[in-house]
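Trainee: this is a predicted model, with the sequence first.
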Amino acid sequence: MTVTNHQSDEDDNLRAAARSLHQEWDSPNLWPAIDEALRKPVVPTRRWGWPQLAAAAALVLTIGGAGWMTWRALPAAGPAVDTADAQDRLLSDEAYAEVERSEAQYTRALDELSRVVAPKLEMPDSELLLSLRERLKTIDAAIEESRMQIDRNPFNAQLRRQLLYIYQEKRQTLEQIQEHDDTAL
């Protein structure tokens with residue numbers, strides 16, 4: 001309990017000291033002085049001199065000049081890129097047209113070969129011909145799928161090579177049918 005009494009005494013002494021420090025005084029001019037200070041216009045205390053104005057002008061001219069040079073450089077680079085793209089596109093269009101012509105010729109040749117071997121495909125007796133007929137159906141389905149992918153992305157060289165490979169497989173299969181000996185049964 002002595003500890004609690006000791007703390008209580010110290011607290012009482014501290015309170016008494018704080019009360020003795022409290023002072024009040026009359027200040028009738030305080031609020032009118034604050035009000036008058038708030039009503040006065042604020043005048044900047046620092047004025048711009050010639051050195052500051054010259055530095056600001058130099059900064060504006062530097063930024064403006066850099067912006068103008070950047071803007072001027074952009075249009076010069078733009079048409080060169082567009083011309084290169086147009087030239088590449090022209091070459092791609094020409095290559096695309098050539099591939100389309102070659103593919104059409106190859107397709108016509110395969111159609112003619114298919115017409116020539118059609119009578120042999122009608123012979124149901126040969127297991128080899130049945131197998132080759134099924135192989136042709138699979139190849140035709142692969143050609144159709146490749147054509148659909150190429151229609152979505154006509155400039156894809158990988159798809160074109162894949163289609164060429166499938167056409168070559170069809171040609172080889174049709175040649176096997178053509179070479180098939182009817183009497184070998």
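Mentor: It's in.
Trainee: number of nearby residues for residue 71?
Mentor: 9 (other Cβ atoms under 10 Å). C-beta here means a position set from N, CA and C on the backbone, and glycine is covered the same way.
Trainee: one more: residue 163?
Mentor: By the measure other Cβ under 10 Å, the count of residues near residue 163 is 20.
Trainee: check which helix or strand covers the closest residue to it other than its chain neighbours.
Mentor: Counting by Cβ to Cβ, 6 or more residues apart in numbering, residue 146 is the residue found nearest to residue 163 once chain neighbours are left out, at 4.4 Å. Secondary structure from DSSP states H and E places residue 146 in helix 127-152.
Trainee: helices or strands up against that helix?
Mentor: Under the contact criterion of 3 or more Cβ pairs under 8 Å, 6 or more residues apart in numbering; DSSP states H and E, helix 127-152 touches helix 50-121, helix 157-179.
Trainee: with residue 166 as the reference, measure out to the residue nearest to residue 163.
Mentor: Separation of residue 146 from residue 166 (Cβ to Cβ, to the nearest Å): 6 Å.
Trainee: could you do residue 107 as well?
Mentor: Residue 107 is 11 Å from residue 166, by Cβ to Cβ.
Trainee: how about residue 110?
Mentor: According to Cβ to Cβ, residue 110 and residue 166 sit 11 Å apart.
Trainee: when these two are compared, which one has more neighbours?
Mentor: Counting neighbours by other Cβ under 10 Å for residue 110 and for residue 166 shows that residue 166 has the greater number, 20 against 17.
Trainee: in this structure the more buried one contacts residue 142, no?
Mentor: Yes - Residue 166 lies in contact with residue 142 (Cβ atoms under 8 Å); the separation is 5.0 Å.
Trainee: helices and strands of the chain: which one has the lowest mean pLDDT?
Mentor: helix 50-121 (a mean of 73; mean pLDDT, DSSP states H and E).
Trainee: which other helices and strands contact that one?
Mentor: helix 127-152, helix 157-179.
Trainee: what's the most buried one of those helices?
Mentor: Of all those, helix 157-179 has the most neighbours on average by mean count of other Cβ atoms under 10 Å, namely a mean of 16.
Trainee: which helices and strands sit right next to that one?
Mentor: helix 50-121, helix 127-152.
Trainee: of all these, which one comes closest to residue 178?
Mentor: With Cβ to Cβ as the criterion, residue 178 lies closest to helix 50-121 of the helices and strands packed on helix 157-179, at 5.0 Å.
Trainee: please consider this matter closed, and thank you.
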